[in-house]
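Chemist: build me a model from this:
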Amino acid sequence: MIILLLAVLVLCGLGVLHTYLFYPWQMRIWARTQVLPPGPPKGGERMRSDEGMGWPPVYVLMAAHNEEAVLGEKLATLVAQDYPGPLYFRIGSDCSSDATNGILEAQAAADGRFAATYFTVRQGKPAIINQLAAAVIEADAVFVLTDASVMLRPETVRQLVLPLLSDARLGVVDATMVQTGGRAEGIGLAEEKYISGEVWLKRAEGLRWGAMMGPFGGCWAIRAAAFHPVPANFLVDDFYLCLAAYEAGWRGRSSPDAIVYEAVGQSIAAEFRRKVRISSGNWQNLVRFRTTWWPPGRSGVAYAFFSHKILRWWTPFFLLGGALAWAGLAFLSGNYWALALFVLVISATLGLALTDLLLSRLGIHLAGARAMRYFLAMNAALLVGFLRFINGIQSNVWQPSQRN
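Modeler: Have a look, this model is predicted:
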C-alpha cells in the first residue's frame, strides 16, 4: 500500500509540474531551435500569394447577446479594418433584450457589408456561428470569429489572413490577445499574467508543432474549407473547431502581428462561473478528441494536447490525489514529521487564500496571496465543471461576462 501511495504522490506531482513548469520550459527551448517549416499545398490545392491570386473573401462572424455596452465600439473597430480584399460582417443577435438589435439595424443600414440575423429564441453561440457559416457559399472564404467584447486594431483581419497566403496547409490563425485594465483590487492582474503566458505558449506550439492548442476565441481565423460545424450543446466551440481542423490535417498558429484587446475580468466570482462553463466544455472536447491526444507520444499534436490541456484539466484531481496520498503515507509509515509538514502545507495554502479574501475587503492587496487564491479558485472551477459534465450538458446558451 505504501508503494502504491508513493507512486500516486509522485505521478500527481509530476502531472502538475509538467503542465505548469516542464512543458512551458521545453517549448521555450524548442520554439527557438526546432521551428516547423511551411507545408506543401494540402490535397493538391494551389497556394495563394499576395501578388498572385489576391486576398480571399473574409466573413467576420459574431454572436451577440445583450452587448449594448460594448457593441458600438466593437462595430467601429470592424468598420476601420484595412483588409484589401472582400470583407463582410455577419452578426447573429441571440434573442437580445437590450439595445443590441437597434445598434445592429443602424449599422446594417449605414454599411452594406453588414448583415444581422435576429433570433427570437436563444440559440447559443456555437449554433449561431454554425448558421452564419453555412450561409457562406465561397469555398475559398476565410471566417474570422470574434466576440463583441474584443476590440481589433485596423490591421487585425489583414494580419490574420496573411499567414494563410504562404502556407496552404495552414487552416487556423489566432490573434494575439492583450488583456487591459488589470487592477490590484481584483483578480485582473493574475488573469492578465496567466493570459500573457498562454499567448506565448500557444505561439511556441504553432512554431514547433504547427498546432497551437486552441485559439483564445476572442478573435481568430479559420478557412471555410477547415470549418466543421460544432455539435449541439458543445460549450467551447473555438477549441472544437480548431481540433476538428487538426484532425482533418490542417495546421494552426498564432500571429504576433494580429493584435486584439479585451478588458480583463476583475470579479473572481464572475471568472469562476466562466471557468466552470469552459471546464464542462473542455471535458466534451477531451472525450470527442480522445484519439488525438492518446497516446501522447504518437505525434507533436498529441504531446502538446496532453501536456498543455489534458494535464491542466486534470490538475484538480492531481492536487486532491496527491494530498490524500501524502496523508496516507504519513499515517501508514508512522512518520509524524511528514504528517506535520502535510498539515503545515495545507494550512499555509488555504490560509494564504483566506488571508487574501479578508485583506481585500480592507483594501489591502498582496500579489502572492491573490495568485494563490486565483489558482485555487480556478482549479475548483475545473472540478465543478467536471461534475456538471458528468451530470449532462443540456444547453450551450451563455451570458456575456462582465469585464472592466
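
Chemist: is residue 228 in a helix, a strand, or coil?
Modeler: Per DSSP: H, G, I helix; E, B strand; the rest coil, the secondary structure class of residue 228 is coil.

Chemist: begin at 723, not 1, for the rest of this chat.
Modeler: Yep, numbering from 723; the last one is residue 950 now.

Chemist: ok, it touching residue 968?
Modeler: No: with contact defined as Cβ atoms under 8 Å, residue 950 does not reach residue 968; the gap is 10.8 Å. Every residue, glycine included, has its C-beta placed from N, CA and C.

Chemist: determine the three-state secondary structure at the closest residue to residue 807 other than its chain neighbours.
Modeler: Leaving out its chain neighbours, the residue that sits closest to residue 807 by Cβ to Cβ, 6 or more residues apart in numbering is residue 777, at 2.8 Å. Classification of residue 777 using three-state DSSP returns coil.

Chemist: for residue 758, see how far away residue 777 is.
Modeler: To residue 758, residue 777 is 25 Å away according to Cβ to Cβ, to the nearest Å.

Chemist: please say which of the two ends up with more neighbours.
Modeler: Using other Cβ atoms under 10 Å as the criterion, residue 777 and residue 758 rank with residue 777 on top: 19 against 15.

Chemist: contacting residues for the more buried one?
Modeler: When contacts are counted by Cβ atoms under 8 Å, 6 or more residues apart in numbering, residue 777 touches 805-808, 883, 887.

Chemist: so who does residue 899 touch?
Modeler: With Cβ under 8 Å, 6+ apart, residue 899 has these contacts: 872, 917, 921, 938, 940-941, 982-984.

Chemist: let's see that with 10 Å instead.
Modeler: 872, 917-918, 920-921, 924, 937-942, 976, 980-984 (Cβ atoms under 10 Å, 6 or more residues apart in numbering).

Chemist: same question, residue 734
Modeler: Here residue 734 is in contact with 1036-1037, 1039-1048 (Cβ under 10 Å, 6+ apart).

Chemist: cutoff 6 Å now
Modeler: 1040, 1043-1044 (Cβ atoms under 6 Å, 6 or more residues apart in numbering).

Chemist: follow-up on the earlier one: between residue 950 and residue 968, which has more neighbouring residues?
Modeler: More crowded of residue 950 and residue 968, by other Cβ under 10 Å: residue 968, with 25 against 15.

Chemist: helix, strand, or coil at that one?
Modeler: helix.

Chemist: ok so, going back, if any of the contacts of residue 777 are buried, put those into a PyMOL selection.
Modeler: In PyMOL, a selection of the buried entries from these looks like this (16 or more other Cβ atoms under 10 Å):
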select buried, resi 805+883+887
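
Chemist: filter the contacts of residue 777 down to just the ones in helices.
Modeler: 883, 887 (DSSP state H).

Chemist: which residue is nearest the middle of this protein?
Modeler: residue 938 (3.7 Å; Cα atoms, centre = their mean).

Chemist: and that residue, what are its phi and psi?
Modeler: Dihedral pair for residue 938: phi -70, psi -20, per degrees, to the nearest 10.

Chemist: that one and residue 744, how far apart?
Modeler: Taking Cβ to Cβ, one finds residue 938 at 23 Å from residue 744.

Chemist: which two from the contacts of residue 777 end up farthest apart in space?
Modeler: 808 and 887 (14.8 Å; Cβ to Cβ).

Chemist: helix/strand/coil for residue 893?
Modeler: Per three-state DSSP, residue 893 ends up strand.

Chemist: how far is stretch 893-901 from where the chain is centred?
Modeler: In terms of Cα atoms, centre = their mean, to the nearest Å, the gap separating the centre of stretch 893-901 from the centre of its chain is 10 Å.

Chemist: that older thread, can you redo the contacts of residue 734 as TSV with distance to residue 1004 and neighbour count?
Modeler: Formatted as TSV, the contacts of residue 734 follow (distance: Cβ to Cβ, whole Å; neighbours: other Cβ atoms under 10 Å):
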residue	distance to residue 1004	neighbour count
1040	15	21
1043	19	18
1044	21	19
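
Chemist: please list the members of these that lie in strands.
Modeler: Within the contacts of residue 734, no residue falls in strands by DSSP state E.
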